[in-house]
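1. any chance you could fold what I've pasted below:
(one chain, ligands or ions: 1)
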Amino acid sequence: MASVLLEASSDALSYVENQEKAAKKIGLHYELISKVNANEEEVLQCIKELNEDSAIHGIIIQRPIPPRISFSMLANTLLPEKDVDCIHPYTAGRLFQSNPLFLPPTPASVMMILDVYQIPLEGKDVVMLGRSDVVGKPLSMMMLQKNATVQICHSHTDDLVFKCKAADILIVAVGKPHFVTPQMVHNNSIVIDVGINFWNGKLVGDADTESLISRVSAITPVPGGVGTLTTSILLQNTLKAYRFQAKHNDIV
Ligand code: NAP
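-> Numbering: from 1, shown residues only. From the prediction side, this is the model:
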């Protein structure tokens, strides 16, 4: 697996550090490629070379993506068979048509948590807070495919507190520490906190967990929740990509 780093921010560095540790633990070859000072053309060239490198089966372009580089250009340049983060329009389109090549790691992590804790989605009212291409949109689609009724909320949504409070399951991915407060939940709410924020030297989610924990039915922690599983799913996708590419090259 190759991880392309475009920004040396503390969050990007902590993501790649976790990936490297996890890959090492399971014996998966991991290459960190720093393109921190590279321009768009150089980054696209790097991706093209990784696409052609038969020793690399999965490529992740580490977020955040700096504004000098177009996310859409990067996504379109990736070979879909190596797109283990599920950002290429083809891989994303397959997901939306209920026929995924890979599951996007963070949304898949949320789905796995709900599944393992036997929290059914069928017929439930879900509020998805956040509509990004990597979390909110694909996750909403995956929950819809499990027969949940999904309301996608964003920065222009009216009556956000009311809508969140009415939900059976509240998923939060806004990137703002302590955004979800006790007034946005009820006794049976299930809160899944996708947020990862570095706040006052600490890693915190988007929910004010301390004040929510005694008020809700269940809540995921940060750290140790969605983000931890995300890395494992990324590695699982890489293994799947290897098997897929090996089969198509008649290796297995
Ligand atoms: P993003 O692209 O910045 O999107 C944030 C979303 O939140 C946008 O849809 C935005 O609405 C919405 N939002 C912002 N302020 C809001 C407000 N006041 N009220 C309602 N909605 C608001 O973020 P992202 O990439 O989805 O990431 C979200 C969080 O998840 C971040 O903390 C990130 O670090 C974390 N994350 C975690 C993982 C993991 O594995 N755990 C993976 C990826 C991201 P608009 O669309 O209207 O602007």
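
2. for C153, what are phi and psi?
-> phi -110, psi 160 (degrees, to the nearest 10).

3. doesn't F162 make contact with it?
-> No: counting by Cβ atoms under 8 Å, F162 is not a contact partner of C153; they are 10.8 Å apart. C-beta: built from backbone N, CA, C; applies to glycine.

4. between the two, point out the one with more neighbours.
-> C153 (22 against 10; other Cβ atoms under 10 Å).

5. contact partners for that one?
-> Listed by Cβ atoms under 8 Å, 6 or more residues apart in numbering, the contact set of C153 reads 127-131, 160, 163-164.

6. which among the residues you listed are in contact with the ligand?
-> With Cβ under 6 Å from any ligand atom as the criterion, the members of the contacts of C153 in contact with the ligand are 129-131, 160.

7. what's the farthest-apart pair in the residues you listed?
-> R131 and L160 (13.0 Å; Cβ to Cβ).

8. domain ranges for this structure?
-> The record's domain split for the chain, according to automatic domain parsing, is 2-79, 105-226.

9. how long is the longest one end to end?
-> Going back to what we said before, that points to domain 105-226. Domain 105-226 has its terminal residues 10 Å apart, counting by Cα to Cα, to the nearest Å.

10. now do the first one
-> In terms of Cα to Cα, the two terminal residues of domain 2-79 are separated by 13 Å.

11. do that domain and the ligand meet at all?
-> No: applying Cβ under 6 Å from any ligand atom, one finds domain 2-79 separated from the ligand by no less than 6.6 Å.

12. so how far is K176 from the residue of the stretch 1-150 of the chain found nearest the ligand?
-> Residue nearest to the ligand within the stretch 1-150 of the chain (Cβ to the nearest ligand atom): S132, separated by 3.1 Å. When Cβ to Cβ, to the nearest Å is applied, the distance between S132 and K176 equals 13 Å.

13. for V36, which non-adjacent residue is spatially closest?
-> Sequence neighbours aside, A8 is the residue nearest to V36 in space, at 5.1 Å (criterion: Cβ to Cβ, 6 or more residues apart in numbering).

14. for this structure, give me the ranges with low pLDDT.
-> When the per-residue scores of the chain are filtered using pLDDT under 70, the ranges that remain are 249-252.

15. please enumerate the strands of it.
-> Listed from the start of the chain, the chain has strands (DSSP state E) covering 2-5, 31-34, 59-61, 125-129, 149-153, 169-172, 190-193, 197-199, 202-204, 218-219.
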